[in-house]
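**Q** let me see the structure of the following:
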Amino acid sequence: MAAIINGTTPTIQYVFKEVDVTKIVEAYLTIKSNDRVALEKDLTTATVGEDFLAWTLTQQETLSLNSRVSMMLNWLLDDGTRGASDKTTVLIDINYKDEVI
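**A** Now for the predicted structure:
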């Protein structure tokens, strides 16, 4: 299980081994806290690499997360095929400087 320190700007990256990233036409990174959507990022805000999609969270976004969250990525290919990642649980660690700097 990974950890994110709140107030920081972590990058969340999904690496694809069997999916051609150039064929992804839609993607949604969903972060849930207490079974409610806390954050959702789409493909327009992602960094697209040769074999990965990545999103960098802002300080404000990580400050809005509490104790434990779960993440999942959903994507759609240009041929209509839809895929989803496994759910990942992440601990949110407190920051002694609990504000945007």
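**Q** which stretches of this protein form helices?
**A** Remark: helices assigned in the chain by DSSP state H are 59-63.
**Q** so where's it uncertain?
**A** The chain contains residues with pLDDT under 70 at 1.
**Q** can you show me the strands along the protein?
**A** 2-5, 11-15, 24-33, 36-42, 47-48, 52-56, 68-77, 82-84, 88-93 (DSSP state E).
**Q** what comes into contact with the fourth one?
**A** Going back to what we said before, that points to strand 36-42. Residues outside strand 36-42 that contact it (CB atoms under 8 Å, 6 or more residues apart in numbering): 26-32, 55, 57, 61, 64-65, 69. Every C-beta, even on glycine, is put in place using the N, C-alpha and C of the backbone.
**Q** and if we set it to 7 Å?
**A** Applying CB atoms under 7 Å, 6 or more residues apart in numbering, the contact partners of strand 36-42 are Ala27, Tyr28, Leu29, Thr30, Ile31, Lys32, Trp55, Glu61, Ser64, Leu65, Val69.
**Q** how about those, which pair is most distant?
**A** Ala27 and Ser64 (21.4 Å; CB to CB).
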